[in-house]
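Engineer: Structure here, sequence nowhere to be found:
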């Protein structure tokens, strides 16, 4: 038995590393590859042909690289000689960059009461306007307490005022509706309206965005 074959079957070295931390990987690397015969591509993209795994690993080891099974369902499976650590790092960077390019839409909640006074109403709805300009959806929730349940029309009036307050920026995605003791309204940013608003109010739009970056999460106030 050669020194290499001993290492391959259970000895130490690069190809016998315990990869438990990579158990979620879908591709096999080095001695995890189980096929009897594999098609091998080297680190420069050259096709080396069909050979056994030990033969391919010997070539990879001589170059200080790894053997990665890139097409496990092919006949025979295709493997590539490469720097596995570098490959994982570059793939992670690409995934991170792709996530950054994605538009993340979050839902911000504005909480009110049926008898919220005008000042508090305007303050909270100005927050809603900033959220919409930032591209987030806004959920307006209104809680009824005790005898207020007998006057749900007051809540509906608040909701209609809220819709009117952001009419130049938003679309109503879900009309006001009751769920238990709460009434909900869902507003979403209207791209066309926001584009027109930013065109007419460029300075104000920038100011709103700056203020939103410093805005803390809106919490429900005690309005008893």
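Structural biologist: Yes, it's here. Since the structure is predicted, the reported quantities are computational estimates derived from the model, not experimental observations.
Engineer: Okay, buried residues for the longest strand along the chain please.
Structural biologist: For the chain, the strand reaching the highest residue count under DSSP state E is reported as strand 170-179. Neighbour counts over strand 170-179 (16 or more other Cβ atoms under 10 Å) mark 170, 171, 172, 176 as buried. C-betas here are computed from N, CA, C, even on glycine.
Engineer: Which is the succeeding secondary structure element to that strand?
Structural biologist: Per DSSP states H and E, the first helix or strand lying C-terminal to strand 170-179 is strand 182-189.
Engineer: Show me what the helix or strand following that next one is packed against.
Structural biologist: As assigned by DSSP H and E, the chain's next helix or strand after strand 182-189 is helix 191-200. Packing partners of helix 191-200 (3 or more Cβ pairs under 8 Å, 6 or more residues apart in numbering; DSSP states H and E): helix 118-133.
Engineer: Off-centre distance for the helix it packs on?
Structural biologist: Relative to the centre of its chain, helix 118-133 is centred 27 Å away, using Cα atoms, centre = their mean, to the nearest Å.
Engineer: Check the offset of whichever helix or strand comes after that helix from the chain's centre.
Structural biologist: As assigned by DSSP H and E, the chain's next helix or strand after helix 118-133 is strand 137-143. Here the centre of strand 137-143 is set off from its chain's centre by 23 Å, with Cα atoms, centre = their mean.
Engineer: quick one: average pLDDT of strand 137-143?
Structural biologist: Here strand 137-143 scores 93 as its mean pLDDT.
Engineer: residues of stretch 68-86 that come out buried?
Structural biologist: 68, 69, 70, 77, 78, 79, 80, 81, 82, 83, 84.
Engineer: still on that earlier bit, now for the longest strand of the chain, which elements pack on it?
Structural biologist: helix 152-165, strand 182-189.
Engineer: Could you say which of these is packed most deeply?
Structural biologist: strand 182-189 (a mean of 20; mean count of other Cβ atoms under 10 Å).
Engineer: List the neighbouring strands of that strand plus their orientation.
Structural biologist: Strand 182-189 has the following strand partners under DSSP bridges: strand 137-143 (antiparallel), strand 170-179 (antiparallel).
Engineer: I'd like the average pLDDT over it.
Structural biologist: Mean per-residue pLDDT for strand 182-189: 93.
Engineer: Need the residues that contact that strand.
Structural biologist: For strand 182-189, contacts defined as Cβ atoms under 8 Å, 6 or more residues apart in numbering pick out 107, 128, 132-133, 135-144, 152, 155-156, 159, 162-163, 166, 169-177.
Engineer: Taking helix 118-133 as reference, get the angle to that strand.
Structural biologist: Orientation check (axes from the mean of the first three to the mean of the last three Cα atoms, to 10 degrees): strand 182-189 against helix 118-133 gives 40 degrees.
Engineer: about what we covered before: among the strands paired with strand 182-189, which is nearest residue 29?
Structural biologist: Of all those, strand 137-143 sits nearest to residue 29, with 42.8 Å by Cβ to Cβ.
Engineer: Can you give me the buried ones in that closest one?
Structural biologist: Neighbour counts over strand 137-143 (16+ other Cβ under 10 Å) mark 137, 138, 139, 140, 142, 143 as buried.
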